[in-house]
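> The following block contains a protein sequence and its predicted model.
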Amino acid sequence: MHGGFYLGPQDFYQALRDMSREENEKICMSSVGHINQLDYNHPLLSAQRKHARFINTGMMVTLSGAVVSDGLENGTVVSGVGGQYNFVSMAHSLPDARSILCVRSTRGSGKDLQSNITPHYGHITIPRHLRDIIVTEYGIADLRGKTDEQIAIELIKVADSRFQQELLEDMKSKGKVRESFTLPAEYKENYPEKLAGILKSAREKGLFPPFPLGSDFTDEEIALGKSLKDLKALMAHPRQMIKAVIRSFVHKVDADEARPFLERLSLDHPDSTKDKILQHLILLELEENGYLKPM
């Protein structure tokens, strides 16, 4: 295996340190430039990278197949391009290789929820002529060699269903998708709740943990991270928020179980009305997410 750098939790680094000489010599540490392109030795590297799959992530994808990964259209730089462009380009240079870019279907929550599959965007990292495979949590869109209409349809199929109709109407208004086209019923159920239902039984068996490759977060921090995210989404809906506040003061949880969570947020002894309300809401979210038992 060739590697350019390591990144992971502390126990991962310890496992590397504990490797025998025989084991660690199986990992060839090299420059990123060597790994990310063919220029160092084109014939040799091309021969070694048979049926290669170059996998990376993006933030957004347009309905033409262009991908946004490093910045926003207002000029904000989110990250460096890194080796992503090289990986994608290499996938097109090698005869049997593919580029796979993984993009979450949405971002934000509540009133701030937005689709990451968008008709167009004012900044791109990977141009449309290098489009290939896009993966969201709802499926795979194989875009290579497709027409503009086929590309738009394939991406709408793996979009969140709360945005599919407006995406389709936008493409029809631009003449990119024929007016008679109707999205097949099997693609109209792309909702987070459906995914949660599919994964529920597996997660109850301990599969699909939040950090499958390990993490330095404590169990309390992982639980609080999810509950705080849910609470933020709740705040976007004032009526639901008021109902939750009332419900939170009615529900009771085991004080001993709750203490580590509250201490982590310094809410074990709230000294203001705001902190008292926040304390109760956090406990309610922890209970509803299964981290605390009701009394």
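Done, it's in.

> Every contact and neighbour count from this point should use C-alpha atoms.
Will do.

> what about the chain, any weak spots by pLDDT?
Along the chain, the model assigns pLDDT under 70 to no residue.

> Helices along that one, start to end?
Counting by DSSP state H, the chain has helices at residues 10-17, 21-24, 32-36, 42-48, 84-93, 148-157, 161-173, 192-204, 219-234, 238-250, 255-264, 273-288.

> Check the burial of residue 279 by counting its neighbours.
Neighbour count for residue 279, taken as other Cα atoms under 10 Å: 21.

> if we can go back for a sec, let's have the helices of the chain in JSON lines, adding distance to residue 59.
What follows is the helices of the chain, written out as JSON lines (distance: least, Cα to Cα, whole Å):
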{"stretch": "helix 10-17", "distance to residue 59": "27"}
{"stretch": "helix 21-24", "distance to residue 59": "34"}
{"stretch": "helix 32-36", "distance to residue 59": "21"}
{"stretch": "helix 42-48", "distance to residue 59": "29"}
{"stretch": "helix 84-93", "distance to residue 59": "13"}
{"stretch": "helix 148-157", "distance to residue 59": "14"}
{"stretch": "helix 161-173", "distance to residue 59": "16"}
{"stretch": "helix 192-204", "distance to residue 59": "18"}
{"stretch": "helix 219-234", "distance to residue 59": "19"}
{"stretch": "helix 238-250", "distance to residue 59": "29"}
{"stretch": "helix 255-264", "distance to residue 59": "31"}
{"stretch": "helix 273-288", "distance to residue 59": "28"}
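
> out of those helices, deepest packed?
helix 148-157 (a mean of 22; mean count of other Cα atoms under 10 Å).

> Give me the helices and strands touching that one, please.
Counting contacts by 3 or more Cα pairs under 8 Å, 6 or more residues apart in numbering; DSSP states H and E, helix 148-157 packs against strand 139-142, helix 161-173.

> quick one: residue 76 from residue 110, how far?
24 Å (Cα to Cα, to the nearest Å).

> Show me which of these two is the more surrounded one.
residue 110 (13 against 9).

> any idea how far residue 195 is from that one?
Distance from residue 110 to residue 195, by Cα to Cα: 18 Å.

> what's the answer for residue 153, then?
To residue 195, residue 153 is 21 Å away according to Cα to Cα.

> repeat for residue 226
Distance, residue 226 to residue 195, using Cα to Cα: 17 Å.

> One more: residue 136?
Taken as Cα to Cα, the span from residue 136 to residue 195 is 12 Å.

> Just the CA coordinates for stretch 106-126, please, in PDB.
As requested, the backbone C-alpha atoms of stretch 106-126 are provided in PDB (Å, rounded to 0.1, in the frame of the first residue of the first chain):
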ATOM      1  CA  THR A 106     -28.600  18.500   1.900                       C
ATOM      2  CA  ARG A 107     -27.000  20.900   4.400                       C
ATOM      3  CA  GLY A 108     -28.500  22.900   7.300                       C
ATOM      4  CA  SER A 109     -31.700  22.100   9.100                       C
ATOM      5  CA  GLY A 110     -35.200  23.500   9.700                       C
ATOM      6  CA  LYS A 111     -35.700  26.700   7.700                       C
ATOM      7  CA  ASP A 112     -32.100  26.700   6.700                       C
ATOM      8  CA  LEU A 113     -32.300  23.400   5.000                       C
ATOM      9  CA  GLN A 114     -30.800  23.500   1.400                       C
ATOM     10  CA  SER A 115     -30.200  21.000  -1.300                       C
ATOM     11  CA  ASN A 116     -26.500  20.300  -2.200                       C
ATOM     12  CA  ILE A 117     -27.700  19.300  -5.600                       C
ATOM     13  CA  THR A 118     -28.300  22.600  -7.300                       C
ATOM     14  CA  PRO A 119     -29.100  23.800 -10.900                       C
ATOM     15  CA  HIS A 120     -26.000  25.900 -11.100                       C
ATOM     16  CA  TYR A 121     -23.400  27.500  -8.800                       C
ATOM     17  CA  GLY A 122     -21.000  30.400  -9.200                       C
ATOM     18  CA  HIS A 123     -17.900  28.500  -8.200                       C
ATOM     19  CA  ILE A 124     -16.800  25.000  -9.200                       C
ATOM     20  CA  THR A 125     -13.800  22.800  -8.400                       C
ATOM     21  CA  ILE A 126     -14.400  19.900 -10.800                       C
END
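
> now that stretch, how far from the centre of its chain.
13 Å (Cα atoms, centre = their mean, to the nearest Å).

> For that stretch, list every residue counted as buried.
For stretch 106-126, a neighbour-count test (16 or more other Cα atoms under 10 Å) marks 106, 114, 115, 116, 117, 118, 119, 121, 123, 124, 125, 126 as buried.
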